[in-house]
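**Student:** Sharing a model prediction with you, sequence too.
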Number of protein chains: 2
Amino acid sequence: MSEPSSIHDVPTPALVVEQSTFHSNLAKMDAVLPGLTLRPHVKAFKTTAIASRLAADGHTGFCCATPREVEGMVAAGLGEDLLLANETLDTARLGALANTANITVAIDSDTTLDAAIAGGIRRVLIDVEVGMPRCGCDPADAGPLADRARAAGLEVRGVMGYEGHLMMVTDRSERTDRVGSAMELLLGAADDVGGEIVSGGGTGTFDTNTWCTEIQAGSYTLLDTDYAKLDLPFEIALDVLATVVSVSPKGWIVADAGLKSMASDHGNPSWAHGEVFFMSDEHVTLLPTELSDWSVGDRVRLQSAHIDPTIAKHERIWLADGDDIVDQWPVDLRHW
Amino acid sequence: MSEPSSIHDVPTPALVVEQSTFHSNLAKMDAVLPGLTLRPHVKAFKTTAIASRLAADGHTGFCCATPREVEGMVAAGLGEDLLLANETLDTARLGALANTANITVAIDSDTTLDAAIAGGIRRVLIDVEVGMPRCGCDPADAGPLADRARAAGLEVRGVMGYEGHLMMVTDRSERTDRVGSAMELLLGAADDVGGEIVSGGGTGTFDTNTWCTEIQAGSYTLLDTDYAKLDLPFEIALDVLATVVSVSPKGWIVADAGLKSMASDHGNPSWAHGEVFFMSDEHVTLLPTELSDWSVGDRVRLQSAHIDPTIAKHERIWLADGDDIVDQWPVDLRHW
């Protein structure tokens, strides 16, 4: 099969990124968080093609969520300063990463510290819980854990704390206030821990979290309908492209993208020409505003409510300039 | 890395199948629907290892949902009689399948028939809508569409109609009655269409749909919590295995399986030792009944509410006999 030059020829379902919107999102973020004040989180987009572009703009420190992401970044020559921001117990895999990558690992307990030591990891951040019920130690435990790590010969570069529960607070001043309270906990721990780094934040708090030394954002590159509800300057650059395979005179149409190509955990995707009725494994049933506008073979573009798990379902992303395909990016950081 | 021989050594997140339950599910189905009365739907499990086992039991006709599934089945030597049960407009890909596979394609409109003709497809089923708002023509349009197909030189093998909206009707007699009404529509269309095949059904209606000549079921092989709510004889054979990476004194624990390794469209997975609080991209936060039972490094097993999109996220499935790993199956039918 020859490579498609138009979005009309791309096999569906497919991910399509409008390059002008993508470039604009990158520029808007870079203006607020230049260089190392942004530590892009590759878990959102899972492709080294985007990471390369960010590194070229001076954002050369990255966050990874999985060992495979670390391995892929190293393989792509993007391993200058990688933070594995999730706790990992697999000493064999940590050991392999320690040998090949300039890696810093998040730890939040004696057991995760022991795994890092056993794996030969040399640098850690102390992960502190700042209000979101997930990983992270109690702020009061951060200092003693750092002491233990240093006693074992590890470099403790600082602290990390993710205020994920505040990403979607719609009112900006309320968001800023609550992020401030969460970061007060993190800064207290940072005083006890020492080191240079206070890492946190995300797309939703990229400019309201002014306490961290670096912000861990990734979704802003392509955005989704969930983040688009906020007062952020970024715009949606990613569509799921699908083909209409059936039109019912009863009022619905069916396109060939479903639960295996679009995440639904933040709700159904959005469609500019009507309602999303429901998703099945391989299909989405749509209720168009004007049924007569639609024929079998037409293309539809849907916007995801959550890009991270949506992108993780795909092998590639098509880069488009309007209807022209200008590049394709392998989604080369998938899996664990 | 050496291959793990115990589930305690499997890198997580991971899919684990208990082989005795899997074998038992296959035997229970085979007793009711032997040989070609079952047309297993590979979309549910997406691995030719399971399909091979079914073929060895005499179920040599299969349903596929995507061209890639067809291609993978042919490559595995399982292409004796493949039904691509979804409408497809991509004539280039249909052409490639027509040249390599003994394939029958579902059509429900003039346009999908035209695509099949253009792709050189030689055999079709007429897909009829029987009450579920998705693909399928009006029953009254099935005969004329079959006539057009035959006039173009295609073999029309019969009809197909999926009563997907009835899979989860909990009361058995109500389910049987409603399936009967849906199949009345399909049998009426079958009279107009001719051919030998009346294809429909699924795991939820495998023994209540007594009108079809073949049942398209796949989920029964491994089952999920959604189907387990019904009065079916099958049992859950698939777990998502995860490692506890963090324990909070506030009452929750965090394991390393999340939205990228477990589907949430039918609800959160289930856990035998407490509640699933919420899922993030890479994590699940759990509320154990007894917090003191849990330590960092422990393994948890979660049961998926919907196996199809869960399995589609993974590269492999581990086959287990209790705690022993006895085989691994590549999930080799992923993507489109």
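**Tutor:** Perfect, thanks for sending it. Numbering: from 1, shown residues only, chains lettered A, B, ... in the order given.

**Student:** Let me see the ranges of the helices in chain A.
**Tutor:** A:19-32, A:48-56, A:67-75, A:91-100, A:110-118, A:139-151, A:172-193, A:225-228, A:307-311 (DSSP state H).

**Student:** Highest mean neighbour count out of those?
**Tutor:** helix A:307-311 (a mean of 27; mean count of other CB atoms under 10 Å in any protein chain shown). For every residue, glycine as well, the C-beta is placed using N, CA and C.

**Student:** near chain B, anything from that helix?
**Tutor:** Yes. Judged by CB under 8 Å from any CB of the partner chain, helix A:307-311 comes into contact with chain B at A:308-309.

**Student:** got it, and stretch A:16-26?
**Tutor:** No. Contact of stretch A:16-26 with chain B (CB under 8 Å from any CB) is absent, the minimum separation being 14.6 Å.

**Student:** looking at the helices of chain A, which has the lowest confidence?
**Tutor:** Note on the helices of chain A: helix A:91-100 shows the lowest mean pLDDT, a mean of 91.

**Student:** List of residues touching that one?
**Tutor:** The contact list for helix A:91-100, computed with CB atoms under 8 Å, 6 or more residues apart in numbering or on different chains, reads A:67, A:70-71, A:74, A:79, A:84, A:88, A:103, A:105, A:115-116, A:118-122, B:1, B:11.

**Student:** Kindly export stretch A:290-300 (C-alpha atoms) in PDB.
**Tutor:** Only the C-alpha atoms of stretch A:290-300 are listed here, as PDB (Å, rounded to 0.1, in the frame of the first residue of the first chain):
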ATOM      1  CA  GLU A 290     -28.900  16.600   9.700                       C
ATOM      2  CA  LEU A 291     -29.100  12.900   8.700                       C
ATOM      3  CA  SER A 292     -29.400  13.800   5.000                       C
ATOM      4  CA  ASP A 293     -25.900  15.400   5.200                       C
ATOM      5  CA  TRP A 294     -24.300  11.900   5.600                       C
ATOM      6  CA  SER A 295     -23.500   9.100   3.300                       C
ATOM      7  CA  VAL A 296     -21.700   5.800   3.600                       C
ATOM      8  CA  GLY A 297     -18.000   6.400   3.000                       C
ATOM      9  CA  ASP A 298     -17.900   9.900   4.500                       C
ATOM     10  CA  ARG A 299     -15.300  10.700   7.100                       C
ATOM     11  CA  VAL A 300     -16.000  12.000  10.600                       C
END
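
**Student:** any idea of the mean pLDDT for it?
**Tutor:** Stretch A:290-300 comes out at a mean pLDDT of 98.

**Student:** That stretch near chain B at all?
**Tutor:** Yes. Applying CB under 8 Å from any CB, one finds stretch A:290-300 in contact with chain B at A:295-297.

**Student:** Could you dump the helices of chain A into CSV with distance to A:Asp327 added?
**Tutor:** Shown next, in CSV, are the helices of chain A (distance: least, CB to CB, whole Å):
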stretch, distance to A:Asp327
helix A:19-32, 8
helix A:48-56, 8
helix A:67-75, 18
helix A:91-100, 28
helix A:110-118, 38
helix A:139-151, 43
helix A:172-193, 35
helix A:225-228, 24
helix A:307-311, 16
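
**Student:** Quick check: end-to-end length of stretch A:215-228?
**Tutor:** Using CA to CA, to the nearest Å, the end-to-end distance of stretch A:215-228 comes out at 19 Å.

**Student:** Cool, thanks, talk later.
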